[in-house]
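Enquirer: this one's sequence-less:
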Ligand code: ADP
């Protein structure tokens, strides 16, 4: 409901005041013309007084409105401007209300960020701890005489090197995710054949797959399908999904890449017949450091960041990625890309 503006309230008040004064004067003087004069004089006097008071109040309120507006980030929002323009008090009220709402949202956002920051730092230090302690163990053993022991010196150095490689993988993934999250990493779209890219990735990962007896294939590969996307980043997405399908695939299994022309978009599916994932894990699968089986992931050299990176890349293209899985049957990751003309 709209409230009455202070100006109208003051005008009504002045008329009422003048009417009461003229009624009193009429009662005492019994003269109609005298009371009409009294009505006009008191009306104009009260109007003049109230006008100046109103000007002063409105000035103060306007300055308050401007001060509150200065502290608001969206000071031109439609809610404040359209709904309550008629009166200064309501405008001030809605400005303060909007300002308080903004502050509340900001505090909630900061609280969430703080929780995320703590979790993130905890996860990073936890991930780095294992390889660092391993390296420390190997180096100390070597210093304690192991260096002269031909049976272990080379082996321990190789193990230390593997731990260093693991740290490099973690740091590379962390760097990628932080660049994607801060928007530092710009998507550079170009027109390219997604079928050719998929075949290229399959070829590059063939050795890794063959070691586990897994067959990699690209289906619907008869004709090229052109998309408009960042070729390098989409390659990274397909590599991550294929590598996961090998890591969590079963011995002598199969991974297929299926590509569909959907008119405006192109859909890419990476389908495996591996371990599968329980339904309860699916909603959190794309979170940083989320793993279904922590020890298995680490054993396979996983950082828990692969799918988070994949999701960021697809979202930076304004596209979507989803997952469907059945334990013991397999997993399907599917994402869309913009089709190029
Ligand atoms: P990681 O480095 O641990 O592989 P990801 O972010 O790539 O991290 O994947 C997160 C988790 O999702 C993995 O730890 C694994 O448990 C599960 N996962 C990913 N891809 C598959 C898949 N194709 N089949 C079964 N589980 C998978």
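Expert: Ah, there it is. Every value quoted in this text rests on a predicted model; they were computed, and no experiment measured them. Numbering: from 1, shown residues only.

Enquirer: residues contacting the residue in the stretch 1-150 of the chain positioned nearest to the ligand?
Expert: Closest to the ligand within the stretch 1-150 of the chain is residue 127: 10.1 Å, counting by CB to the nearest ligand atom. C-betas here are computed from N, CA, C, even on glycine. For residue 127, the contact set (CB atoms under 8 Å, 6 or more residues apart in numbering) comprises 170, 289, 303, 304.

Enquirer: could you redo the last one with a cut-off of 6 Å?
Expert: residue 170 (CB atoms under 6 Å, 6 or more residues apart in numbering).

Enquirer: do the one 10 residues further on as well
Expert: Taking CB under 6 Å, 6+ apart, we find residue 137 in contact with no residue.

Enquirer: Now the helix or strand hosting it: average pLDDT?
Expert: Using DSSP states H and E, residue 137 maps to helix 88-143. Regarding helix 88-143, the rounded mean pLDDT is 90.

Enquirer: ok, now stretch 164-184?
Expert: 90.

Enquirer: repeat for stretch 240-254
Expert: pLDDT averaged over stretch 240-254 gives 96.

Enquirer: Okay, buried residues for it please.
Expert: Neighbour counts over stretch 240-254 (16 or more other CB atoms under 10 Å) mark 240-250, 253-254 as buried.

Enquirer: Give me the residues contacting that stretch.
Expert: Contacts for stretch 240-254 (CB under 6 Å, 6+ apart): 201, 205, 208-209, 212-215, 255, 270, 272-275, 300, 306, 310, 333.

Enquirer: Can you tell me which of the buried residues of stretch 240-254 end up in strands?
Expert: residue 254 (DSSP state E).

Enquirer: for the host helix or strand of residue 310, what is the average pLDDT?
Expert: Assigned by DSSP H and E, residue 310 belongs to helix 306-316. Average pLDDT, helix 306-316: 95.

Enquirer: Pull out the buried positions in it.
Expert: Within helix 306-316, the residues that count as buried by 16+ other CB under 10 Å are 306, 307, 308, 309, 310, 311, 312, 313, 314, 316.

Enquirer: What are the contacting residues of it?
Expert: Under CB under 6 Å, 6+ apart, the answer for helix 306-316 is 176, 177, 180, 187, 233, 237, 240, 285, 286, 288, 321, 335.

Enquirer: In ChimeraX, how would I select just the buried ones from the residues you listed?
Expert: A single ChimeraX command suffices to select whichever of the contacts of helix 306-316 are buried according to 16+ other CB under 10 Å:
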select :176,177,180,233,237,240,285,286,288,321,335
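
Enquirer: for the ligand, what are the nearby residues on this protein?
Expert: 244-245, 247-248, 272, 274-275, 277, 285, 290-293, 297, 302-308, 331 (CB under 6 Å from any ligand atom).

Enquirer: any chance you could map the strands in this protein?
Expert: Using DSSP E, strands in the chain cover 190-193, 215-218, 226-229, 254-261, 265-272, 321-326, 330-338.

Enquirer: residue nearest the centroid of the chain?
Expert: Nearest residue to the geometric centre of the chain (CA atoms, centre = their mean): residue 181, 8.5 Å.

Enquirer: From residue 161, how far off is the residue nearest to it when sequence neighbours are not counted?
Expert: Ranked by CB to CB, 6 or more residues apart in numbering and with sequence neighbours excluded, the top spatial neighbour of residue 181 is residue 312, at 6.9 Å. Computed as CB to CB, to the nearest Å, the residue 312 to residue 161 distance reads 30 Å.

Enquirer: do the same with residue 199
Expert: Counting by CB to CB - residue 199 and residue 161 are separated by 33 Å.

Enquirer: Just want to know which of those two has more residues nearby.
Expert: Remark: of residue 199 and residue 161, residue 199 carries more neighbours, 16 against 12, as counted by other CB atoms under 10 Å.
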